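Q: This is a predicted model, with the sequence first.
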Amino acid sequence: MADPARARKLAKRISQIVASAIEHEVKDPRLNSVTITDTKITADLHDATVYYTVLGESLDAEPDFAGAAAALESARGVLRTKVGQGTGVRYTPTLAFVADSIPDDARRIEELLAKAREADAEVARRSAGAQHAGEPDPYKAPRVDEDDEDFVEEETRG
């Protein structure tokens, strides 16, 4: 078991090395729009999971996740060699590449927030001229029985 702080530092260093190697050394055009978002490493420092996202060529274009996954799979050995050279650890961790779901989750949350804003606006629009239901004073006044009034009057006279 490695120190958790050491594992975090190694994971961050692996992210930097892999991102740099993808940008400068691996010549696969399918990796031009790949961004490394995070890396997690096991406690024994033997396996690293590298999370990535793929950007489209334009805002309207759909990203090529399959092509990026195939390119990362084919470059896995080169990238692992670069990680081994750049980290200097005794055992170079194996690399696994996983598409990051954060952009999709963020897009889904934005859609849900937009729906909530629309619903709030609809409620505000409907309640603009609304009046409260019931009486103006919703609290019950204490009951006064006629017998109690007679009793109070007798005590004050007596």
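A: Looks like it came in fine.
Q: Tell me where this structure has helices.
A: 4-24, 65-74, 76-87, 102-126, 146-157 (DSSP state H).
Q: closest one to residue 37 among those helices?
A: helix 102-126 (6.6 Å; C-beta to C-beta). The way it works is simple: take the backbone N, C-alpha and C, and place the C-beta from them, glycine included.
Q: how far is the closest one from where the chain is centred?
A: The chain centroid and the centroid of helix 102-126 are separated by 16 Å under C-alpha atoms, centre = their mean, to the nearest Å.
Q: Next: stretch 137-146.
A: Its chain's C-alpha centre and that of stretch 137-146 lie 54 Å apart, by C-alpha atoms, centre = their mean.
Q: any idea of the mean pLDDT for that stretch?
A: Stretch 137-146 carries an average pLDDT of 75.
Q: quick one: contacts of it?
A: Here stretch 137-146 makes contact (C-beta atoms under 8 Å, 6 or more residues apart in numbering) with no residue beyond itself.
Q: buried residues in that stretch?
A: In terms of neighbour count (16 or more other C-beta atoms under 10 Å), stretch 137-146 has no buried residues at all.
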